[in-house]
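*Asks:* here is my input, please return the structure:
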Amino acid sequence: MSQKSLAQITVPARHFAVQLSATRRGARLARLLTERQLDDWGEPYEAAAQVVAELASNAVLHGRVRGRDFRLRLTLRADRTLRIEVTDARGDRVPRIPASVEKDAEGGHGLRIVEAYANRWGVVEAPAHGKTVWAELPMAHGELRDAAGLG
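*Replies:* Predicted coordinates:
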């Protein structure tokens, strides 16, 4: 086994997961917990906090089922890619980027923000008829990725 492959195996990924109420308060808490966790890990958190805010907000607005929570999961891999996952209870409502959105419109910009910050994002089926919306962001010390002038 080479030194490079040994280093890849021995550097563990970091994980954080929490279940939150599917309310506006729960969505705000998801963002705050993301900031806190990434700060504790010594990582920049501005871009990730924006993505979590959008995904958690969507989970609360479009993925809510009465009496069911949503879940936030952060995984920082050894290659310094942060995977954000937000799981909600509505697998029948798959998010899509709208074809066009009025510049002054109140909604419809969230997934464009996610797309601007993330290298990749997508949706997968989750247990109990739910879905997980995920995004992967590069983590670079000292710099905030500003792909679309959003940061």
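
*Asks:* and the end-to-end length of stretch 115-123?
*Replies:* This stretch, stretch 115-123, spans 13 Å end to end (Cα to Cα, to the nearest Å).

*Asks:* return the set of buried residues in that stretch.
*Replies:* By neighbour count, with 16 or more other Cβ atoms under 10 Å as the criterion, the buried positions of stretch 115-123 are 115, 116, 117, 118, 121. Bear in mind the C-beta positions are built from the backbone N, C-alpha and C, glycine included.

*Asks:* one more: stretch 56-70?
*Replies:* Along stretch 56-70, these residues count as buried under the neighbour rule (16+ other Cβ under 10 Å): 56, 57, 58, 59, 60, 63, 64, 68, 69, 70.

*Asks:* sitting in strands, which of those residues do you find?
*Replies:* Taking DSSP state E as the definition of strands, those contribute residue 70.

*Asks:* export the buried residues of stretch 56-70 to JSON lines and tack on distance to residue 137 and pLDDT?
*Replies:* JSON lines is the format used below for the buried residues of stretch 56-70 (distance: Cβ to Cβ, whole Å; pLDDT from 0 to 100):
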{"residue": "56", "distance to residue 137": "15", "pLDDT": "97"}
{"residue": "57", "distance to residue 137": "17", "pLDDT": "95"}
{"residue": "58", "distance to residue 137": "17", "pLDDT": "94"}
{"residue": "59", "distance to residue 137": "18", "pLDDT": "95"}
{"residue": "60", "distance to residue 137": "21", "pLDDT": "94"}
{"residue": "63", "distance to residue 137": "21", "pLDDT": "87"}
{"residue": "64", "distance to residue 137": "25", "pLDDT": "86"}
{"residue": "68", "distance to residue 137": "27", "pLDDT": "91"}
{"residue": "69", "distance to residue 137": "24", "pLDDT": "94"}
{"residue": "70", "distance to residue 137": "19", "pLDDT": "96"}
